[in-house]
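[1] What follows is a predicted structure for the sequence shown.
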Amino acid sequence: MEIILRQENKNDFESVFHLIEKAFEKEEYSDHKEQFLVERLRNSEAFIPELSIVAEIDNEIVGHILFTKLQIKNESQIFPSLALAPVSVLPEFQGKEIGSKLILHGHEIAKRLGYKSVILLGHQDYYPRFGYELCEKYNIKMPFNVPAENCMVIALAEDGLKGVSGEVVYPKAFFE
């Protein structure tokens, strides 16, 4: 089973929409609207085409990941960062390392593009295996009330989080 990872293009949009819908269909901690979030983010200033990535097997899109721009802001400084949301894999392909491959590939591209960190809201048992740590360790706060164990950050570069603290500022597309 060969998995091809590549940048998403316009011809993928409909497949990706249905893939995300299916991937989150049975997720209990979901508003089941992730596919609409991806559409809004694609049309926002936060969108980075190289960081909208699909996974293909036999010319079928089976996974997708999206990293978009966000900021961490305190009284005196603004730090550019990325949001990882969402990562989606078709249910019948889950548990086959496709999500892992998408995350690691996305980290590599983000690093090449000069990004130093990624923030996410996610499962506390899944993301630490990729190096994600709790945001609170760095005094990084979410702009809404969520359990601390689900708010995570990773430094993509050595010292990528050095001196970084403040509140996460998500693009407004996340709240529309």
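    Arrived safely. Numbering: from 1, shown residues only.
[2] need the helices for the chain, in chain order.
    Secondary structure of the chain (DSSP state H): helices at 13-24, 34-42, 98-112.
[3] Can you check which of the ones you listed gets nearest to E50?
    Closest approach to E50 among the helices of the chain (Cβ to Cβ): helix 98-112, 5.6 Å. Where you see a C-beta, it was placed from the backbone N, CA and C, and this is true even at glycine.
[4] helices or strands next to the closest one in the packing?
    Counting contacts by 3 or more Cβ pairs under 8 Å, 6 or more residues apart in numbering; DSSP states H and E, helix 98-112 packs against strand 4-7, strand 52-57, strand 60-73, strand 78-89.
[5] Reformat those as a markdown table; add distance to E21, mean neighbour count and mean pLDDT.
    Formatted as a markdown table, the helices and strands packed on helix 98-112 follow (distance: least, Cβ to Cβ, whole Å; neighbours: other Cβ atoms under 10 Å; pLDDT from 0 to 100):
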| stretch | distance to E21 | mean neighbour count | mean pLDDT |
| --- | --- | --- | --- |
| strand 4-7 | 21 | 13 | 98 |
| strand 52-57 | 15 | 20 | 98 |
| strand 60-73 | 11 | 22 | 98 |
| strand 78-89 | 9 | 21 | 97 |
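[6] Surely V169 and K73 touch.
    Yes - V169 is within contact range of K73, at 5.2 Å (criterion: Cβ atoms under 8 Å).
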